[in-house]
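> compute the structure for the input listed below.
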Amino acid sequence: MPRLLEMLGITKAFPGVKALSEVSIFLDRGEVLGIVGENGAGKSTLMKILAGVFPADAGELRLDGEHFLPRNPRSSLDAGIIVIHQELSLVPDRSVAENIFLGHLPRTKLGTVRRRQLHDDARQLLARVGLAIPPQTRVRHLGIAQQQLVEIARALSREARVIVMDEPTATLTSAEQQILFATIRTLRDAQVGLVFISHHLEEVFEICDRVTVLRDGNAVETRGASEWTEASLIQAMVNRPIEALFPPRHAMVGEVLLAVEGLGSGERFQDVSFEVRSGEVVGIGGLIGAGRTEVLKTIYGALPMTDGVVRVQSRNVRIRSPRDAIGAGVALVPEDRKGEGLVMPFPIRSNVAMSTLTRVSWLRCILAQGRIDRLADQAVQDLRIRTPGIRQPVQSLSGGNQQKVVLARALTTHPRIILLDEPTRGIDVGAKIEVYRLINGLAEQGAAVLVVTSDMIELLGMSDRILVMRAGRIAGAVARNEFSQERVMQLAALG
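Next comes the predicted model:
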């Protein structure tokens with residue numbers, strides 16, 4: 001039988017940029033093809049050509065062995081090619097059934113909607129994706145994972161042959177991710193071809209049959225998923241060995257800058273005690289829900305401290321708000337950069353200056369635009385933020401550059417204690433390396449760095465010591481010479 005999908009010699013250039021150079025991939029029925037690469041490698045451009053958003057400058061597409069030329073998104077949809085983007089495209093105030101059949105609602109000869117047929121057909125599709133909800137439910141009442149499954153049901157309503165999922169797990173919990181993966185396996189068994197794009201390599205290994213690496217607009221290599229290792233995949237993506245991910249740090253460990261004793265925040269966590277020294281990077285590991293994020297937010301004053309003591313440079317401090325934390329020399333880079341770290345429609349300059357307005361204003365009431373520009377220009381230069389200019393809205397930046405803007409905002413307060421919550425979530429390997437180097441630089445300048453991360457390789461590679469939390473308490477500490485994945489997981493799961 002012919003291949004389900006072939007993209008042969010695809011080339012695409014934009015003014016001043018060659019996005020794709022003779023890229024070839026193929027997809028068989030009942031297969032999950034992983035596509036990985038740094039931001040800017042060409043993944044999105046390749047999928048937009050498949051979806052009919054852009055025309056290719058050169059190359060050929062074949063569907064079931066026949067020449068296929070998608071002139072617009074409608075022609076791709078009609079051919080059974082569905083792209084599910086990271087930002088879901090559902091209509092929140094319409095029902096699940098209406099969203100599933102949006103654009104092709106069952107109608108009578110008079111043009112009215114056949115409601116009974118609509119709901120019956122929607123129930124069948126929801127059952128196929130394992131979602132037991134009434135089809136009349138408004139989409140706004142669903143969780144993110146349920147909305148993802150509704151998107152897949154919508155794809156099936158168009159008799160999808162090829163489904164592309166772009167970062168589908170970015171906002172899902174581990175349990176929700178497993179529901180999605182079960183649905184993907186069901187679709188694979190039904191002979192649907194799936195393209196899975198993700199920065200999370202552990203997901204790629206779990207769900208994909210083959211993996212293609214794109215780098216700088218070129219298809220570097222394709223292998224069966226079992227033929228890759230995490231080290232070889234990273235090396236193919238960034239053209240450097242995995243050891244280069246975590247360059248050696250040459251920091252001198254000095255005095256204790258942060259000490260917490262018996263820290264608690266109601267039912268969130270209790271009796272947490274530890275120290276972080278100047279020049280030290282301390283990692284906090286543990287399972288989701290262990291209380292790691294809550295500890296950082298309590299130290300920063302974003303959650304109430306109900307028990308314990310916080311000391312900064314041996315002095316007791318009472319931090320009731322983020323303003324108090326900034327005044328004490330503490331900065332936080334939050335886990336949710338879009339919801340808590342950035343004002344997405346605002347330009348880079350405004351986001352960078354947001355935590356230090358008194359320094360960029362006259363008499364604490366009139367903003368000095370020149371000072372804001374100089375502060376933002378310096379941040380762009382120091383953190384190598386890739387942008388046309390400081391007036392660019394942050395929502396137009398890649399995930400890695402958005403994360404750098406959050407870091408820049410924290411660093412403008414000149415903190416000595418830096419709290420990082422999942423600092424590399426949702427960014428590509430190349431951007432991760434830049435964040436690791438920045439963390440190294442902060443430690444070498446004498447800062448105390450406390451990092452929460454769910455990435456085990458990152459936790460082991462970045463940290464000088466690891467604290468492991470379980471059920472709202474510190475379950476144990478692991479010294480550098482005792483580092484192992486098994487030891488951390490044992491403490492996280494069993495205490």
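> distance check, residue 266 against residue 124.
46 Å (Cβ to Cβ, to the nearest Å). (Each C-beta comes from the backbone N, C-alpha and C, glycine too.)
> ok, and what's touching the helix or strand hosting residue 6?
Here residue 6 sits within strand 5-14, counting by DSSP states H and E. Here strand 5-14 makes contact (Cβ atoms under 8 Å, 6 or more residues apart in numbering) with 18-27, 42, 45-46, 49-50, 54, 56-63, 81, 162, 193.
> among the residues you listed, which are located in strands?
Of the contacts of strand 5-14, the ones assigned to strands by DSSP state E are 18-27, 58-63, 81, 162, 193.
> residue 72 reaches residue 52, doesn't it?
Yes: using Cβ atoms under 8 Å, residue 72 is in contact with residue 52, at 4.9 Å.
> of these two, give the one with the bigger neighbour count.
Shown here are residue 72 and residue 52; by other Cβ atoms under 10 Å, residue 52 has more neighbours (20 against 12).
> per-residue pLDDT, the more buried one?
Note on residue 52: pLDDT of 91.
> need the contact list for it.
Here residue 52 is in contact with 70-76 (Cβ under 8 Å, 6+ apart).
> now do 7 Å
70-73, 75-76 (Cβ atoms under 7 Å, 6 or more residues apart in numbering).
> for PyMOL, write the select line for the buried members of these.
Command for PyMOL that selects the buried part of the contacts of residue 52, burial taken from 16 or more other Cβ atoms under 10 Å:
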select buried, resi 70+76
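> what's the closest of the contacts of residue 52 to residue 384?
Using Cβ to Cβ, residue 73 comes nearest to residue 384 of the contacts of residue 52, at 34.9 Å.
> surely that closest one and residue 51 touch.
Yes: here residue 73 reaches residue 51: they are 5.8 Å apart, a contact under Cβ atoms under 7 Å.
> can I assume residue 212 sits in a strand?
Yes: the assignment for residue 212 by DSSP: H, G, I helix; E, B strand; the rest coil puts it in a strand.
> so in terms of bridging, what pairs with it?
residue 35, residue 222 (DSSP bridges).
> could you give the number of residues near residue 115?
Should you count by other Cβ under 10 Å, residue 115 turns out to have 12 residues around it.
> repeat for residue 351
That count, for residue 351 with other Cβ under 10 Å as the rule, works out to 23.
> doesn't it fall inside a helix?
Yes: checked against three-state DSSP, residue 351 lies within a helix.
> how close does it sit to residue 374?
Counting by Cβ to Cβ - residue 351 and residue 374 are separated by 15 Å.
> span of stretch 461-477 from start to end?
Stretch 461-477 has an end-to-end distance of 16 Å (criterion: Cα to Cα, to the nearest Å).
> where does the protein dip in pLDDT?
16, 39, 86-87, 170-173, 241-244, 357, 360-367, 495 (pLDDT under 70).
> domains of it?
For the chain, automatic domain parsing gives the domain ranges 5-241, 246-329+415-495, 341-414.
> how about the residue nearest to the spatial centre of the chain, nearest residue that isn't a chain neighbour?
Using Cα atoms, centre = their mean, the residue of the chain that lies closest to the mean C-alpha position is residue 426, 1.8 Å off. Closest residue in space to residue 426, ignoring its immediate chain neighbours: residue 399 at 4.9 Å, by Cβ to Cβ, 6 or more residues apart in numbering.
> buried residues in stretch 221-229?
222, 225, 228.
> just the strands in the stretch 51-200 of the chain please.
58-63, 66-68, 81-84, 162-166, 193-197 (DSSP state E, counting those that start in this stretch).
> now for the second one, which elements pack on it?
Think strand 66-68. With contacts taken as 3 or more Cβ pairs under 7 Å, 6 or more residues apart in numbering; DSSP states H and E, strand 66-68 sits against strand 58-63.
> can you list the strands that the strand it packs on pairs with?
strand 5-14 (antiparallel), strand 66-68 (antiparallel).
> which residues does the shortest one contact?
Going back to what we said before, that points to strand 66-68. 60-62, 79.
> any chance of those in a markdown table, with neighbour count and distance to residue 403 too?
Formatted as a markdown table, the contacts of strand 66-68 follow (neighbours: other Cβ atoms under 10 Å; distance: Cβ to Cβ, whole Å):
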| residue | neighbour count | distance to residue 403 |
| --- | --- | --- |
| 60 | 14 | 38 |
| 61 | 20 | 34 |
| 62 | 16 | 39 |
| 79 | 21 | 37 |
